[in-house]
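Novice: fold the following.
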Amino acid sequence: MLTRCYSGSFKKKRTTYEGCEVSDNFKSYEYFYEWCNEQIGFGNDGDGNPFQLDKDLLIKGNKVYSENTCVFLPQEINTLLVKNTASRGDHLIGVSWSKTNKAFMAQVNKNKGKQEHLGYFNTEIEAFNAYKQAKENYLKELANKWKSQIDERAYNALMNYEVNIDD
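Specialist: You can find the predicted model right below:
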């Protein structure tokens, strides 16, 4: 967390962390340690996979790590919330152009990164809308799967999560 916010070399590689900061409380190891141990999801998912600290599910686009903005999420959920703007290309999120089919193609990541093909579309916006619906539905499915193991705030945020055209 501190490296992500304050290491120049880290932020050069991962530009999405530019402008991120850590609250004064979280800068105190003792406070942060106690806070973590009180949180639902701190630890692992039962299969030995550690939950991950997330700062921007509760407040989309948030840049501050704090007790009011952070929750622990299983990797299966957290990886779906990462924006890969640099690797996306020229199209809307979830959309690419198929030269073979001469159409816009929509895909969504599911089941630990496996891509699910959603179809071919005449317009980019139609493909985006298919992606948006599929991703929002999948996040709700995962929210229900993990409901008993994640913070209620995280559950509610996932159930109300909206994919925006500028994501």
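Novice: so for this structure, which residue is the most central one in space?
Specialist: Leu81 (1.4 Å; C-alpha atoms, centre = their mean).
Novice: tell me the predicted confidence for the closest residue to that one other than its chain neighbours.
Specialist: Using C-beta to C-beta, 6 or more residues apart in numbering and skipping residues adjacent in sequence, the residue nearest Leu81 is Leu57, 6.0 Å away. Yep, even glycine has a C-beta here, placed from its N, CA and C like the rest. Per-residue pLDDT puts Leu57 at 96.
Novice: circling back: the residue nearest to the centre of the chain and Ala157, how far apart?
Specialist: Going from Leu81 to Ala157 by C-beta to C-beta, to the nearest Å gives 10 Å.
Novice: what's the overlap in contacts for the two?
Specialist: Common neighbours of Leu81 and Ala157, using C-beta atoms under 8 Å, 6 or more residues apart in numbering, are Leu57.
Novice: surely Asp54 and Phe72 touch.
Specialist: Yes. The pair Asp54 / Phe72 is scored as a contact, 7.2 Å apart, by C-beta atoms under 8 Å.
Novice: number of residues surrounding Glu141?
Specialist: By other C-beta atoms under 10 Å, 12 other residues sit near Glu141.
Novice: hmm, I was thinking of Ala157
Specialist: Neighbours of Ala157 (other C-beta under 10 Å): 22.
Novice: ok, Asn49 next?
Specialist: Neighbours of Asn49 under the rule other C-beta under 10 Å: 11.
Novice: longest helix anywhere in this structure?
Specialist: Criterion DSSP state H: the longest helix present in the chain is helix 124-146.
Novice: buried ones in whichever helix or strand comes after that helix?
Specialist: As assigned by DSSP states H and E, the chain's next helix or strand after helix 124-146 is helix 152-159. Within helix 152-159, the residues scored as buried using 16 or more other C-beta atoms under 10 Å are Ala154, Tyr155, Ala157, Leu158.
Novice: which of those lies closest to Glu18?
Specialist: Closest approach to Glu18 among these (C-beta to C-beta): Ala157, at 23.5 Å.
Novice: that closest one contacts Asn62, correct?
Specialist: No. At 11.2 Å, Ala157 does not count as touching Asn62 under the criterion of C-beta under 8 Å.
Novice: who touches the closest residue to Thr3 other than its chain neighbours in this structure?
Specialist: Once flanking residues are discounted, Thr3 sits nearest to Phe10: 5.2 Å by C-beta to C-beta, 6+ apart. Shown in contact with Phe10 (C-beta under 8 Å, 6+ apart): Thr3, Arg4, Tyr17.
Novice: that'll do, ta.
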